[in-house]
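S.K.: Just a sequence and a predicted model for now, questions to come.
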Amino acid sequence: MNAAAVELAARNGRVVAPAVSAETPLVVQGLTVSYGQKAAVFSVDATAPPESMVAIIGPNGAGKSTVLKAVLGIVPRLSGSVTVFGAPFADARHRVAYVPQRASVDWDFPTRVIDVVLMGLYRQLGLLGLVRRAHRETALACLERVGMGDFADRQIGQLSGGQQQRVFLARALAQDADLYLLDEPFAGVDAATEKAIIDVLKSLKADRRAVVCVHHDLATVADYFDHVLLLNVRKIAEGPVATCFTEETLQKTYGGRLATAHIDQLKLPAA
Ligand SMILES: Nc1ncnc2c1ncn2[C@@H]1O[C@H](COP(=O)(O)OP(=O)(O)OP(=O)(O)O)[C@@H](O)[C@H]1O
Ligand SMILES: [Mg+2]
């Protein structure tokens, strides 16, 4: 069933299982994750359609990062399945790049920017990790793409948060993945960096890659993304921005805590 048919069936009230196929970048079914007694994510279904930009939206503690980590196998799943391009994640991990939430990375040990990006080329470097000129040129080209070409020899720990964020994106670009998972790539960056990052993400989409971002800025959802997952431990809604990113689903997601003034500023689709 194609995306339009799934949407039509969903609108008609029919529950439709997400399409699992070799073309679909990501299908999550019945995902439950718990760090202790309480579920951080409960029974979540989600899909990243081919060549799409997907936003995962929800309040702090909603389980957004947990969904990405569970997809990547960084945290164990209590139940549920993850399918990447029709295969279990373990068989498709080489097609997936991940940019973690910035606060979760501590760069106190000395590492040059270029070496961080070269990590993205680990599959090409082989067991001995031999860096040839071509690898260095690829890494530099990725740094140029995010406007960080002049910083190649700097220590990563000496960069600002926004500059580090661009370097992590460059590392993900070096992986040349088909599915990009980014956890709050725009958090704490200035307007110029945000523009640089969204331009890169849009170019990935134009290049037929899928991009999934945890995203906090509700005001830019309609501009940046075409598909949303609204999450608050459980899935509140999922589908095209045009039909799922509504006042009703947002209020449900944020427990009715969004001010009307805030909602009015959003580019919501007409009811
Ligand atoms: N390693 C961990 N151990 C125990 N509890 C955790 C751990 N990581 C996350 N949690 C808890 O799981 C829940 C979901 O956390 P998660 O980081 O996925 O939320 P989030 O939606 O990404 O929030 P934020 O917007 O603040 O980044 C939270 O209640 C959090 O406290
Ligand atoms: Mg998070």
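M.R.: Received the coordinates, thanks. Numbers count the residues shown, from 1 in each chain. Ligands and ions are numbered 1, 2, ... in the order given.

S.K.: What lies in contact with stretch 158-165?
M.R.: If you take Cβ atoms under 8 Å, 6 or more residues apart in numbering as the criterion, stretch 158-165 is touched by 99, 102, 105, 107, 113, 148, 151, 156, 167, 185, 187-190, 193, 197. From N, CA and C alone the C-beta is placed, and that goes for glycine too.

S.K.: Now do whichever strand or helix holds residue 97: everything it contacts.
M.R.: When secondary structure is defined using DSSP states H and E, the element that contains residue 97 is strand 96-99. Residues outside strand 96-99 that contact it (Cβ under 8 Å, 6+ apart): 68, 71-72, 84, 89, 120, 165, 168-169, 171-173, 175, 177-183, 185.

S.K.: what sits up against the next helix-or-strand element following that strand?
M.R.: Tracing the chain past strand 96-99, the next element assigned as helix or strand by DSSP H and E is helix 113-118. Applying Cβ under 8 Å, 6+ apart, the set of residues contacting helix 113-118 from outside is 125, 131, 135-136, 139-140, 142-143, 148, 151-156, 159, 167-168, 170-171, 174.

S.K.: Run the chain-centre distance for helix 113-118.
M.R.: Helix 113-118 sits 21 Å away from the centroid of its parent chain (Cα atoms, centre = their mean, to the nearest Å).

S.K.: Dump the helix or strand following that helix to PDB, restricted to CA.
M.R.: Next in sequence after helix 113-118, counting helices and strands by DSSP H and E, comes helix 122-125. What follows is the C-alpha trace of helix 122-125 in PDB, where atoms were taken according to Å, rounded to 0.1, in the frame of the first residue of the first chain:
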ATOM      1  CA  TYR A 122      35.300   3.800   9.500                       C
ATOM      2  CA  ARG A 123      34.000   1.200   7.100                       C
ATOM      3  CA  GLN A 124      36.300   2.400   4.300                       C
ATOM      4  CA  LEU A 125      39.300   2.700   6.600                       C
END
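
S.K.: what mean pLDDT does helix 122-125 have?
M.R.: Confidence over helix 122-125 (mean pLDDT, whole number) is 74.

S.K.: just stretch 44-61 next, same as before
M.R.: Averaging pLDDT residue by residue across stretch 44-61 gives 95.

S.K.: which parts of it are buried?
M.R.: By neighbour count, with 16 or more other Cβ atoms under 10 Å as the criterion, the buried positions of stretch 44-61 are 44-49, 51-59.

S.K.: Tell me which two in the residues you listed are the farthest apart.
M.R.: Of all pairs drawn from those, the widest gap by Cβ to Cβ lies between 51 and 59 and measures 28.9 Å.

S.K.: hang on, the earlier thing: which of the contacts of stretch 158-165 lies closest to residue 21?
M.R.: For the contacts of stretch 158-165, the nearest to residue 21 is residue 99 (25.8 Å; Cβ to Cβ).
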